[in-house]
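**Student:** A predicted structure for the sequence below; I have some questions about it.
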Amino acid sequence: MKAVIQRVSRARVEVEQEIVGQIETGLVVLLGVQQGDTERDLMFLIDKTIGLRVFPDSEGKMNLSVRDVGGSLLVVSQFTLLGDCRKGKRPSFVQAAAPQVANQMYEQFIATARQQGLVVETGVFQVDMQVTLCNNGPVTIILDSRT
């Protein structure tokens, strides 16, 4: 699994000009599921995402997690994170998991984050979405469960 994590002061996802998910302080999680990903990959990303100390403490140092600051997650499925651009100019998505498998892992990621006590908003799986965010910092972290 791969994720791009962005620390935000606000973010929202729209589908057909309707807001379907929205947060204030927190993390936007763009989540890509790869062929062969397992629950181990999922738990690795959940643990890392929730535990990332990317929010400033009283001294301005990145030392607090999303939970520490009472923040939320906005989780958006994004198979394009698995795009392979090594050959030619058009990305290959052969490493992306099949939609049914990817959706199951995406939903499990969301459910597990909620079980951890976080407020989680989402996009809509396999739908064209408009994501708007204010990247605070900017802070952007890339996570890969296989490296």
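**Tutor:** Yep, that arrived.
**Student:** what about the nearest residue to S145 once chain neighbours are set aside, helix or strand, and which?
**Tutor:** The shortest distance from S145 to any residue other than its chain neighbours is 3.8 Å, reached at D41 (Cβ to Cβ, 6 or more residues apart in numbering). All C-beta spots, glycine's among them, are computed from the backbone N, C-alpha and C. D41 belongs to helix 39-51 when assigned by DSSP states H and E.
**Student:** quick check: what element follows that helix along the chain?
**Tutor:** Following the chain from helix 39-51 toward its C-terminal end, the next helix or strand by DSSP H and E is strand 55-56.
**Student:** check which helices and strands that following strand is in contact with.
**Tutor:** Taking 3 or more Cβ pairs under 8 Å, 6 or more residues apart in numbering; DSSP states H and E as contact, the helices and strands that strand 55-56 lies on are strand 62-64.
**Student:** need the three-state assignment for the residue most central in space within the chain.
**Tutor:** Central residue of the chain (Cα atoms, centre = their mean): V29, 1.6 Å from the mean position. Secondary structure of V29, reduced to three states by DSSP: H, G, I helix; E, B strand; the rest coil: strand.
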